[in-house]
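Visitor: compute the structure for the input listed below.
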Amino acid sequence: MSYSTAGPLRAVTLDDVRGAQKMLSGVARVTAMESSRHLSQLVGVPVYLKCENLQRTGSFKLRGAYVRIAGLLPEERAAGVVAASAGNHAQGVALASSLLGVHATVFMPKGAPLPKVSATRDYGAEVRLHGQVVDETLAAAQEHAARTGAVFIHPFDHPDIIAGQGTVGLEILEQCPKVRTIVVGIGGGGLAAGVAVAVKALRPEVRIIGVQAEGSAAYPPSLAAGRPVTVESPSTMADGIRVARPGDVPFAIVEELVDEVRTVTEGELSAALLLCLERAKLVVEPAGASPVAALLGGADGLGGLEGPVVAVLSGGNVDPVLLQRVLRHGMAAQGRYLAVRLRLADRPGALATLLGVLSVADANVLDVSHVRTDPRLGLTEAEVELHLETKGPAHCAEVRQALRDAGYTIID
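Guide: Just a heads-up that it's a prediction; the model follows:
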């Protein structure tokens, strides 16, 4: 679905973003802008990828965190900072604090991926694991701030954070001066708001499209209501944009300056991550791939696009276990992965015969589960679950038909 936006005055200016850019010189990388032939052919106009997944700490979050902490008064720095995050913001705050000589305490959920916890510690932060969900972790961080006097560094709801993220927009204009459309993922809204402030001040004709995961889309109902509203139990694999409520500061900017906000499905996110890996040779987390997911439907799916288009790949910090699952999900969404269950006679050579049928059908067997003891089975039956790599939807249908022709009953 698409939601047009318009609204009140913003709280962050172009001068703020330019000041942040100077502050970040030598700290944040000017990340690469890569062209995508595949997406360009799909959309019908030139498409470029802004690779913030290659930023220090693996995401754009360092930009806003550094600007926010660098702007603290000496006595505030002395009290230290505290943050709550499942990953990217945690790492950005950890590195920014380390570079500025400020003690950082970062609260992370107990179930946070171990690579992200380890990286946050390696960047110099004191990590405390608390709660099962980010809301519990956030409450613990705010309680710590109230008790110790440490400054709470919000992941998106502060003008300095937004100004820092807005430097991505300035770089886009420098690297792709003819850009006509920018597609960017939205969680709390800090990145989209910052990019919008910078770009609309200099190139008001550029169209900015925000993208949210369908199961965690707080902006569409908020824009419809004219105020931030909370989505109950947000759920998506894209943890970087899994936010229950927009920030007050970014919401006002998004409402005024972002042209529309769209949603994408989990299947589209999986397919986008797979495309980034296979076609662009870039490791991108699901949240970072959300703009690509929005482009997979082509120009018609976005109401027509003017090019060049820039899609912001906001991060690359994906847990290897999640990456494995998402890649299989993406392959299944593209018809390149097939799971089937069937029954066969429980006698020597039966499984080999089945595998022979699959070999003739040119299906690559990834995994086999062979069950003989289920009470639902007859005395001479066995059940087999197969995970197969295929060549697309047509090939999936051919494999199923080959199994039926060979006398096997497929259990749906």
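Visitor: wait, a helix at Ala311?
Guide: No: with DSSP: H, G, I helix; E, B strand; the rest coil as the criterion, Ala311 is strand rather than part of a helix.
Visitor: gap between it and Pro250?
Guide: Separation of Ala311 from Pro250 (Cβ to Cβ, to the nearest Å): 20 Å. Backbone N, C-alpha and C define where each C-beta goes, glycine included.
Visitor: between these two, which one's more packed in?
Guide: The residue with more neighbours, out of Ala311 and Pro250, is Pro250; 33 against 29, by other Cβ atoms under 10 Å.
Visitor: secondary structure element for that one?
Guide: helix 248-257 (DSSP states H and E).
Visitor: show me what counts as buried in stretch 240-252.
Guide: Gly240, Ile241, Arg242, Val243, Ala244, Arg245, Pro246, Gly247, Val249, Pro250, Phe251, Ala252 (16 or more other Cβ atoms under 10 Å).
Visitor: a helix runs through the fifth one, doesn't it?
Guide: Read it as Ala244. No: counting by three-state DSSP, Ala244 falls outside a helix, being coil.
Visitor: for it, give me its contacts.
Guide: The contact partners of Ala244, taken as Cβ atoms under 8 Å, 6 or more residues apart in numbering, are Asp135, Ser216, Ala218, Thr230, Val231, Glu232, Pro234.
Visitor: how about 10 Å then?
Guide: Contacts for Ala244 (Cβ atoms under 10 Å, 6 or more residues apart in numbering) come out as 133-135, 187-188, 216, 218, 229-234.
Visitor: residue ranges with poor pLDDT in the stretch 51-200 of the chain?
Guide: Within the stretch 51-200 of the chain, the stretches falling below the threshold (pLDDT under 70) are 133.
Visitor: swap in 90 and give it another go.
Guide: Scanning the stretch 51-200 of the chain for pLDDT under 90 picks out 85-87, 109-116, 131-139.
Visitor: which residues in it form strands?
Guide: Counting by DSSP state E, counting those that start in this stretch, the stretch 51-200 of the chain has strands at residues 81-84, 104-108, 126-129, 151-152, 181-185.
Visitor: where do the helices sit along the stretch 151-300 of the chain?
Guide: 159-175, 190-202, 219-225, 248-257, 266-279, 290-295, 298-301 (DSSP state H, counting those that start in this stretch).
Visitor: distance to Ala141 for the ones you listed - can I get that in CSV?
Guide: Output for the helices of the stretch 151-300 of the chain, formatted as CSV (distance: least, Cβ to Cβ, whole Å):
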stretch, distance to Ala141
helix 159-175, 15
helix 190-202, 17
helix 219-225, 24
helix 248-257, 18
helix 266-279, 28
helix 290-295, 26
helix 298-301, 39
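Visitor: how about those, which one is nearest Leu327?
Guide: Ranking these by proximity to Leu327 (Cβ to Cβ) places helix 266-279 first, at 5.9 Å.
Visitor: what residues sit buried inside that closest one?
Guide: Buried residues in helix 266-279 (16+ other Cβ under 10 Å): Glu266, Gly267, Glu268, Leu269, Ser270, Ala271, Ala272, Leu273, Leu274, Leu275, Cys276, Leu277.
Visitor: rewinding a little: what two of the contacts of Ala244 are the furthest from one another?
Guide: Maximum pairwise distance among the contacts of Ala244 (Cβ to Cβ): 18.9 Å, between Val133 and Val229.
Visitor: centre-most residue in this structure?
Guide: Ala287 (0.7 Å; Cα atoms, centre = their mean).
Visitor: give me the nearest residue to that residue, chain neighbours excluded.
Guide: Nearest residue to Ala287, sequence neighbours excluded (Cβ to Cβ, 6 or more residues apart in numbering): Gly240, at 2.9 Å.
Visitor: contacting residues for the nearest residue to Ile172 once chain neighbours are set aside?
Guide: Once flanking residues are discounted, Ile172 sits nearest to Val310: 5.3 Å by Cβ to Cβ, 6+ apart. Applying Cβ under 10 Å, 6+ apart, we find Val310 in contact with 33, 46-50, 168-169, 171-173, 175-176, 179-184, 195, 199, 206, 291.
Visitor: list only buried entries from these.
Guide: 33, 46-50, 168-169, 171-173, 176, 179-184, 195, 199, 206, 291.
Visitor: and Cys51, how far from Leu355?
Guide: Distance from Cys51 to Leu355, by Cβ to Cβ: 42 Å.
Visitor: higher neighbour count, these two?
Guide: Neighbour count, other Cβ under 10 Å: between Cys51 and Leu355, Cys51 has more, with 21 against 15.
Visitor: list the beta-bridge partners for the more buried one.
Guide: Using DSSP bridges, the bridge partners assigned to Cys51 are Leu313.
Visitor: so it makes contact with Met33?
Guide: Yes: because the distance of 7.2 Å satisfies Cβ atoms under 10 Å, Cys51 is recorded as touching Met33.
Visitor: contacting residues around the closest residue to Pro246 other than its chain neighbours?
Guide: Leaving aside its sequence neighbours, Pro246 sits nearest to Pro228 (Cβ to Cβ, 6+ apart; 4.4 Å). Contacts for Pro228 (Cβ under 10 Å, 6+ apart) come out as 157, 188-189, 218-219, 221-222, 245-248, 250-252, 255.
Visitor: hmm, back to that, export the strands of the stretch 51-200 of the chain to TSV and append columns for distance to Ala96.
Guide: Shown next, in TSV, are the strands of the stretch 51-200 of the chain (distance: least, Cβ to Cβ, whole Å):
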stretch	distance to Ala96
strand 81-84	9
strand 104-108	8
strand 126-129	15
strand 151-152	12
strand 181-185	21
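Visitor: what's the burial count for Gly392?
Guide: 11.
Visitor: isn't it right next to Ala333, touching?
Guide: No: the criterion here is Cβ under 10 Å, and Gly392 misses it with Ala333 at 11.4 Å.
Visitor: gap between Val151 and Gly166?
Guide: Per Cβ to Cβ, Val151 is found 21 Å from Gly166.
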